[in-house]
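*Asks:* predicted structure and sequence below. I'll ask about it afterward.
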Amino acid sequence: DAGVTQSPTHLIKTRGQQVTLRCSPISGHKSVSWYQQVLGQGPQFIFQYYEKEERGRGNFPDRFSARQFPNYSSELNVNALLLGDSALYLCASSLGTGNQPQHFGDGTRLSIL
Amino acid sequence: KNQVEQSPQSLIILEGKNCTLQCNYTVSPFSNLRWYKQDTGRGPVSLTIMTFSENTKSNGRYTATLDADTKQSSLHITASQLSDSASYICVVTYESGGYQKVTFGIGTKLQVIP
């Protein structure tokens, strides 16, 4: 079975640009979460979606937004990119929002020049 | 101050030895506390999940414990292998203002040497 897939794997943008990252969850998983991991740090929670509704939100500015589609895939959008947005963006899926294991993709490495 | 603090920051042990990683948290109560293993350049992999009422959970050579009174969790690795070299991250999930929140520790970087 396919795991969580994220695209693209690597991306280079310049300051001020906008970016869209994509995530396909494991088949049957209805919850998708997004995390930002700066080099050398632990991941920071950005959003959680379940059944196309936002169920969790971390402390990120409004430049960050996300959505979940009817097929449970998800997109993370970041506007007006800053140098500090350079990070590994991780997506995780789970069956629901409770105490089920989260399965992570290998992330999208975003570099801002 | 981070709500989840881990120690030590890094650790080197000999193959075959045991080790224990610590996680201190301030969030209470919480929905669950998880331990993840993250290899360099890869996404984290779930090792254990404990609810607020549980105090131990095992997954092969990994055993996590939870002490709600002292707000501490530990991850014990038995008979370490070279493949255990990775970062180990403690994560607490809780409810706040009707929203789910997730807080990660910075991780403990473990290196197992022959």
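*Replies:* Perfect, I can see it now.
*Asks:* host element of the most centrally placed residue in chain A?
*Replies:* Nearest to the mean C-alpha position of chain A, counting by CA atoms, centre = their mean, stands residue A:34 at 3.2 Å. According to DSSP states H and E, residue A:34 maps onto strand A:31-37.
*Asks:* is that strand positioned near chain B?
*Replies:* Yes: using CB under 8 Å from any CB of the partner chain, strand A:31-37 comes into contact with chain B via A:33, A:35. For glycine as for every other residue, the C-beta is placed from the backbone atoms N, C-alpha and C.
*Asks:* what do you get for stretch A:89-103?
*Replies:* Yes: counting by CB under 8 Å from any CB, chain B has neighbours in stretch A:89-103: A:90, A:92, A:97-103.
*Asks:* what's in contact with that stretch?
*Replies:* Residues outside stretch A:89-103 that contact it (CB atoms under 8 Å, 6 or more residues apart in numbering or on different chains): A:3-4, A:6, A:21, A:23, A:25-26, A:28-37, A:43, A:48, A:50, A:55-56, A:72, A:74, A:76, A:104-105, A:107-108, A:110, B:31-32, B:34, B:43-44, B:46, B:49, B:51, B:100.
*Asks:* mind showing which ranges of chain B have poor pLDDT?
*Replies:* Flagging of chain B using pLDDT under 70 yields the residue ranges B:1-2.
*Asks:* quickly find the element holding residue B:65.
*Replies:* Element membership of residue B:65, judged by DSSP H and E, is strand B:62-67.
*Asks:* give the buried residues for stretch B:78-89.
*Replies:* B:80, B:84-89 (16 or more other CB atoms under 10 Å in any protein chain shown).
*Asks:* just to revisit the earlier point, the residue nearest to the centre of chain A - nearest residue in space that isn't next to it in sequence?
*Replies:* Spatial nearest neighbour of residue A:34, chain neighbours left out: residue A:46 (4.3 Å); criterion: CB to CB, 6 or more residues apart in numbering or on different chains.
*Asks:* partner strands of the helix or strand that neighbour falls within and their direction?
*Replies:* Assigned by DSSP H and E, residue A:46 belongs to strand A:44-50. Strand A:44-50 has its sheet partners listed here by DSSP bridges as strand A:31-37 (antiparallel), strand A:53-57 (antiparallel).
*Asks:* what lies in contact with that strand?
*Replies:* Residues contacting strand A:44-50 (CB under 8 Å, 6+ apart): A:30-38, A:54-60, A:64, A:66-68, A:74, A:76, A:96-97, B:100-104.
*Asks:* now stretch B:67-75
*Replies:* B:20-26, B:28, B:33, B:35, B:47-48, B:50, B:52, B:55, B:62-66, B:88, B:90.
*Asks:* in strands, which of the residues you listed appear?
*Replies:* Among these, DSSP state E puts B:20-25, B:33, B:35, B:47-48, B:50, B:62-66, B:88, B:90 in strands.
*Asks:* make a PyMOL selection of the buried ones in the residues you listed.
*Replies:* Command for PyMOL, covering only those of the ones in strands among the contacts of stretch B:67-75 found buried under the criterion 16+ other CB under 10 Å:
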select buried, chain B and resi 21+23+24+25+33+35+47+48+50+62+63+64+65+66+88+90
